[in-house]
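In: model the following, please.
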Amino acid sequence: MTRTIRGAVPAMTLGLAVFVIGTAAGTFAQNAPLELAPGKPQATTVQSPDPTDPELLKKKPPQKPAVKPATPKPTAKPTTAAPSADKAKVAAKPTVTKPAPAPKKPTSLETLTAQAAVPQHDHVIVDVPPAPCPGNPDAIGLSRIIEVDTTGGFYAGQTYRTRMPLLQPKEVILTFDDGPRPVTTDRVLAALKNECVKATFFMIGQMAKAYPAEARKVAAAGMSIGYHTMTHTYQLKSWPLEKSQAEIVGGWKAVDDAIWGKSSDTKPTSHFFRYPGLFNSHVVNTWFNQIDMGVFAIDAAGNDWIKGYITDSEAPNVMNRALMELEHQNGGILLLHDIKGSSSNAVAPLLRELKKRGFKIVHIVQKQPLPPLASGPAPAGVVDTAPAPINERNISGFDVSRQLGQEQLGKVGTPSAKPAPLPAYQTPDTPAQPADPTVTKSIASTPAASTSQVQPMPAPAPKHDDGWFGSTASTFRGIGTAIGLW
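Out: Next up, the predicted model:
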């Protein structure tokens, strides 16, 4: 018995030790962290604590506030705020689209004219009474006169995306470039006088210097005078300002000396100007605004610088082109050249046709007062016997005024030994000199003067539009469709 008890004591001792060790191991296993294999998700049911644990029951009350933010009420508030955020985004869209016109600034009126805002000018309208025209009761006459104040700079025409202020539909402003030149300019003046209308002549300095008597004759006939540079260069847009200024000042001085007998390096007598080729210069316009220069582009043209539109017999082409463009633009500023035989022959039938179609002629004059016209001999150094030496206008197929002048007038380009005397034109009321009988005869014999030839054609069909300017004319027309150049 005793031996049996002694044998059981070690067994019990060993069993107790195993129980103690097992209990301790179980407790350690519950409190020790669970290590998972790499990449194995940690959210397992083995990790979740026993819900009956007293410690867990003690910690539950403080966990209730953590559950409250998950209720729908707090989440509903952001949903009500969301529409306001969307509305803010929608409201912000116009602010995003407003800067979109920024790329259009290079083509804006401000960029073209160097003016932040178009000045408000004082335009005076003078209604011309419908008095009968001497010798021509069916003349179109003037409908009215627009007085233009160019203070601070003035710009009109499609180049500047603006119509002449106060110009009504079906009203036409006649303008002539590149003169003066005997015979052709005389022909234009005779046609204008016969229809009792006035026009604006943009003169080249070299032409006025070569023909001062002709320049003064234009002014004496009551026409408005403008400038067209000294040599009709196209480089004003690319030249430095100082070089462009010298070209422009030289032009206005030659014109002023011929017409008014005096000139200034800083102040032009006339305040009307047109760019050769309509090649606008922002830098030059900045200067023009400071000297109160008005710049005129065009709305319609007769294409009289292109082959097929230049000679006397091609006057119908010029007339029909001018009519077509005036119809398309419903009036506006018309460009012709008084040095071209075609335009000089087309003026008379064109004015008659304009009247038939219901157009009216408007004359523009500057508000700034003009001095009296000069009289007596021409200034020293001014010639009156030779075509102007237009060195920069020798583009093939473009301008043939020098050649025509030498052929028709018999000039050789050498100046006279003595200054030629000029007629004494004292006031604009002095009538223009009568046209040469030979010129009148040539007008009557030209196809343009025949009523059978003045009927408008659907469209002129030039067959010789070669040369630099001629070949790019269609390009200019295409550009004009987009930006209103022509």
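In: where does the chain dip in pLDDT?
Out: Counting by pLDDT under 70, the chain contains low-confidence ranges at 1-107, 376-486.
In: list the buried residues of stretch 180-190.
Out: Within stretch 180-190, the residues that qualify as buried by neighbour count (16 or more other C-beta atoms under 10 Å) are 180, 181, 182, 183, 184, 185, 186, 187, 188, 189, 190. The way it works is simple: take the backbone N, C-alpha and C, and place the C-beta from them, glycine included.
In: and the gap between the fourth one and residue 220?
Out: What it means is residue 183. As for residue 183, its distance to residue 220 is 18 Å (criterion: C-beta to C-beta, to the nearest Å).
In: wait, which of the buried residues of stretch 180-190 is closest to residue 249?
Out: The nearest member of these to residue 249, counting by C-beta to C-beta, is residue 180 at 19.6 Å.
In: pretty sure that closest one is touching residue 221, no?
Out: No. If you go by C-beta atoms under 8 Å, residue 180 and residue 221 don't touch, sitting 11.1 Å apart.
In: what segments of the stretch 301-450 of the chain are strands?
Out: 332-337, 360-366, 376-377, 421-422 (DSSP state E, counting those that start in this stretch).
In: of all those, which one is nearest residue 120?
Out: Going by C-beta to C-beta, the one of those nearest residue 120 is strand 360-366, 16.9 Å.
In: show residues contacting that closest one.
Out: Residues from elsewhere that reach strand 360-366 (C-beta atoms under 8 Å, 6 or more residues apart in numbering): 140-150, 164, 167, 170-174, 195, 197-200, 224, 270-272, 294, 351, 354.
In: and if you look at stretch 135-145?
Out: Residues from elsewhere that reach stretch 135-145 (C-beta under 8 Å, 6+ apart): 125-128, 130-131, 133, 171, 194-198, 351-352, 354-355, 359-365.
In: could you flag which of those are buried?
Out: By 16+ other C-beta under 10 Å, the contacts of stretch 135-145 give 128, 133, 171, 194-198, 351-352, 354-355, 359-365 as buried.
In: quick one: the strands in the stretch 51-200 of the chain?
Out: Using DSSP E, counting those that start in this stretch, the strands of the stretch 51-200 of the chain run over residues 124-127, 142-148, 154-156, 171-177, 200-203.
In: neighbouring strands for the shortest one, and are they parallel or not?
Out: Meaning strand 154-156. Strand 154-156 has its sheet partners listed here by DSSP bridges as strand 294-296 (parallel).
In: quick one: buried residues of the strand it pairs with?
Out: Across strand 294-296, burial judged by 16+ other C-beta under 10 Å covers 294, 295, 296.
In: what do you get for stretch 237-246?
Out: The neighbour-count check on stretch 237-246 (16+ other C-beta under 10 Å) flags 239, 244, 245 as buried.
In: endpoints of that stretch, how far apart?
Out: With C-alpha to C-alpha, to the nearest Å as the measure, the first residue of stretch 237-246 is 14 Å from its last.
In: mind listing residues that contact that stretch?
Out: Residues from elsewhere that reach stretch 237-246, judged by C-beta under 8 Å, 6+ apart: 233, 235, 236, 247, 279, 280, 281, 283, 284, 287.
In: filter the contacts of strand 360-366 to the buried ones?
Out: 140-143, 145-150, 164, 167, 170-174, 195, 197-200, 224, 270-272, 294, 351, 354.
In: and residue 188, how close does it get to residue 316?
Out: To residue 316, residue 188 is 17 Å away according to C-beta to C-beta.
In: please apply the same query to residue 184.
Out: Going from residue 184 to residue 316 by C-beta to C-beta gives 17 Å.
In: so which strand or helix has residue 245?
Out: Residue 245 belongs to helix 241-260 when assigned by DSSP states H and E.
In: residue 158 touches residue 297, doesn't it?
Out: Yes. At 5.9 Å, residue 158 and residue 297 qualify as touching, with contact defined as C-beta under 8 Å.
In: who's more crowded, the two?
Out: Neighbour comparison, residue 158 and residue 297: the larger count goes to residue 297, with 24 against 20 (by other C-beta atoms under 10 Å).
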